[in-house]
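> Need coordinates for the following:
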Amino acid sequence: MDASFVALETRNSPMHIGSILIYNPETAPGGFVRFKDILGFLESRMQLSRTVRQRLVRVPFDLDYPYWIEDPDFDLEYHVRHVALPKPGDWRQLCIQAARIFARPLDLDRPPWEFTVIEGIDNVPGVAKGSFAMVTKVHHAAIDGMSGIDLMEAMHTLRPDEPAPDKPDKWKPERVPNPMELLGKSYFNAVTNPLKQLEVAAKAAPGLAKTIKGLISKEFNLSGEMVAPKTRFNRVISAHRVVEGRSFNLADIKAIRALEPGCKVNDVFLAIVGGALRKYLLSKQDLPKKTLTAMAPISVRSEGEKGDMGNQVAAMIAPLGTHIEDPAERLAFVHSRTVNSKAMTNAIGARNMTEVSKVSPALYMSLGAQLFTKLGLANRGVGPPFSTVVTNVPGPPIPIFSSGARLESMMGLVCLNDGLGLAHVVQSYCDRATISFTACREMMPDPEFYIECIQASFDDLLAAAKALEGKQSPAKAKTKAAAKAKPAAKPKAKAASKAKAAPKPKATPKPKAAPKPKPKASPKKNAPTKGKATKATARAKPNKSK
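The predicted structure is shown next:
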């Protein structure tokens, strides 16, 4: 899988992933961070990540997968760059600059990553003056979403004043192997690969049997909705990119889950993207009648593989419900289809799906990837079995710091290739989640409109959730009031019936007391007469008995 990202690399489709990070330096010493402070901070933490000082070495004729070696010519200042936005330095300028940086391929003769520090973002709403951004690029052959988070953790601290690691850096560069050495290694791997294929086939057999059994018993099904219709985003891509993103409150995302019992947070994000694509394509009069689908990567990385380079992911196909107008109905549809897709993936075994890719012959895999690109097959009706990508990458739940500056927000960027001109990243950080996208500029010349479609789709779902809550609240209040009133009324009725049935006890005669002399009262104005008092008493008695 890592090698496929290398084979798919072209000038128009650089295969790296990354992010836009925004930092507030108010927590740094003196409230200010210089570029040399960033260089010093990163240099002191190089030992915490295996990725940053390793480079690829490709085997002649792609007879075997590329190898990783420790780069003998590693130069930190080559990988960390520094630019500034012209005034006014607003959000749109930042996105345009990030898209330009992200569109440029990495140099695969060096460790495949770059960080670009961007100053001058003083006119971005919600961002403190003096803040700076960092656009990161790391080749997808080196990391997947989860190992990318591990790299982020290596380059950040939990406190702004946390000292550098006190352990000595034991890193040593390696000699670049010559072509004959690489061909010798590839020969050995070619001989042993059939044995690996047999081992993987044996491990995959139970999953295949479980899948067939599940299809027969209808635990899940292979629906026609799993095959995506062709859209404007499933053609040969250009070299140009656009990026955008919008941040949402995680509490609101969780509130939307109430629209459908058992719904997951990831289902909500898929439904938001589905609604946004529906709005965008309707405006272009280009919405297919059949639902669009998304490829949702699934991490199969174990705890023991946390620090490993490369990709440990499988894939799940999720219909997005773009054919459904009602937001609540769309969410219910997405949830039902993801449950089906997860059941299929669990039956096959996500780990088995990843292991199978590891024993594909390198030469054929590389030739296939290159032919798909060079022959322009994406324009001839041959595209991926999905319309877009929606990958969910969980970020740190607490604030983190780099060079003493507090990370304020993070927005994911993702690679594109022929047949896939639009991809989304959902990235959470503290109590916020950002939905961002990377697109081919020729396929989406109006990213500002599409991000408004994402916002409108979210608003529709949140409004539906609040309307549902509003309908349920009065009903719940009436039920509670009725439940409280009924038990209180029953004892009174029983007491009344007992009072009527029980005979009245005879009163014992009391001895008459001698009358005491009363002083004569002086007459008062408005005092009731004797007759009136008697009538009032007579009226009062029935009320008391009632």
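> can we go C-alpha only for contacts and neighbour counts from here?
Will do.
> just so I have it, where are all the strands in the stretch 151-300 of the chain?
For the stretch 151-300 of the chain, applying DSSP state E, counting those that start in this stretch gives strands covering 241-249, 293-299.
> mind giving me CSV with those and columns for distance to Q455?
Listed next are those as CSV, based on distance: least, Cα to Cα, whole Å:
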stretch, distance to Q455
strand 241-249, 7
strand 293-299, 19
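> Confidence-wise, which of those strands is weakest overall?
If you rank those by mean pLDDT, strand 293-299 sits at the bottom with a mean of 82.
> does D267 really touch V339, like I thought?
No - the pair D267 / V339 is not scored as a contact, 9.7 Å apart, by Cα atoms under 8 Å.
> So what's the residue count around A239?
Other residues near A239 come to 18 when the count uses other Cα atoms under 10 Å.
> same deal with K87?
K87: 11 surrounding residues under other Cα under 10 Å.
> Which of the helices and strands in this protein ranks last by mean pLDDT?
Ranked by mean pLDDT, DSSP states H and E, the weakest helix or strand in the chain is helix 530-545, scoring a mean of 41.
> What average pLDDT does stretch 90-105 get?
Average pLDDT, stretch 90-105: 97.
> Would you mind putting the CA coordinates of that stretch into PDB?
The C-alpha trace of stretch 90-105 is given here as PDB (Å, rounded to 0.1, in the frame of the first residue of the first chain):
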ATOM      1  CA  ASP A  90      -7.000  37.100   5.700                       C
ATOM      2  CA  TRP A  91      -8.400  33.500   5.700                       C
ATOM      3  CA  ARG A  92      -8.800  33.300   1.900                       C
ATOM      4  CA  GLN A  93      -5.200  34.300   1.300                       C
ATOM      5  CA  LEU A  94      -4.000  31.700   3.800                       C
ATOM      6  CA  CYS A  95      -6.100  29.000   2.000                       C
ATOM      7  CA  ILE A  96      -4.700  30.100  -1.400                       C
ATOM      8  CA  GLN A  97      -1.100  30.000  -0.200                       C
ATOM      9  CA  ALA A  98      -1.600  26.600   1.500                       C
ATOM     10  CA  ALA A  99      -3.100  25.200  -1.700                       C
ATOM     11  CA  ARG A 100      -0.100  26.400  -3.700                       C
ATOM     12  CA  ILE A 101       2.300  24.900  -1.200                       C
ATOM     13  CA  PHE A 102       0.400  21.600  -1.100                       C
ATOM     14  CA  ALA A 103       0.200  21.300  -4.900                       C
ATOM     15  CA  ARG A 104       4.000  21.100  -5.300                       C
ATOM     16  CA  PRO A 105       5.500  17.500  -5.200                       C
END
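> what comes up buried for that stretch?
90-91, 93-95, 97-99, 101-105 (16 or more other Cα atoms under 10 Å).
> go on, stretch 252-260?
252-253, 255-260.
> Compute the distance between the nearest residue to K290 once chain neighbours are set aside and D73, please.
Distance criterion Cα to Cα, 6 or more residues apart in numbering; nearest residue to K290, sequence neighbours excluded, is H323 at 6.2 Å. Distance of H323 to D73, given as Cα to Cα, to the nearest Å: 54 Å.
> next one: F233
Distance check for F233 against D73: by Cα to Cα, it reads 40 Å.
> ok, those two, which is more surrounded?
Using other Cα under 10 Å as the criterion, F233 and D73 rank with F233 on top: 21 against 14.
> Just give me the neighbour total for the residue lying closest to that one once chain neighbours are set aside.
Spatial nearest neighbour of F233, chain neighbours left out: G421 (4.7 Å); criterion: Cα to Cα, 6+ apart. Neighbours of G421 under the rule other Cα under 10 Å: 28.
> check contacts around G421.
By Cα atoms under 8 Å, 6 or more residues apart in numbering, the contact set of G421 is 233-237, 388, 439-440, 443.
> Kindly indicate which of those lies nearest V273.
Comparing the contacts of G421 against V273 with Cα to Cα picks out T388 as the nearest, at 9.7 Å.
> Please name the bridge partners of that closest one.
Judged by DSSP bridges, the bridge partners of T388 are A294.
> That one contacts A423, correct?
Yes - judged on Cα under 8 Å, T388 makes contact with A423 at a distance of 5.4 Å.
> F102 versus the closest residue to T438 other than its chain neighbours, what's the distance?
Nearest residue to T438, sequence neighbours excluded (Cα to Cα, 6+ apart): V243, at 4.7 Å. Distance, V243 to F102, by Cα to Cα: 9 Å.
> next one: W91
W91 is 16 Å from F102, where distance means Cα to Cα.
> Now do the SS call for Y23.
What DSSP: H, G, I helix; E, B strand; the rest coil gives for Y23 is strand.
> can you tell me the helix or strand for L108?
For L108, there is no host helix or strand (DSSP states H and E).
> residues near it, how many?
When neighbours are defined as other Cα under 10 Å, L108 has 15 of them.
> Also N178?
By other Cα under 10 Å, the residues close to N178 number 11.
> Quick check on it: phi, psi?
phi -80, psi 170 (degrees, to the nearest 10).
> Do you have the helices of this structure handy? List them.
For the chain, the helices defined by DSSP state H cover 2-7, 35-44, 76-79, 91-103, 145-154, 179-216, 250-256, 265-283, 327-348, 350-358, 362-374, 447-501, 530-545.
> what sits up against the shortest one?
Spelled out, that is helix 76-79. 39, 43, 113-115.
> How much space separates L282 from C453?
To C453, L282 is 11 Å away according to Cα to Cα.
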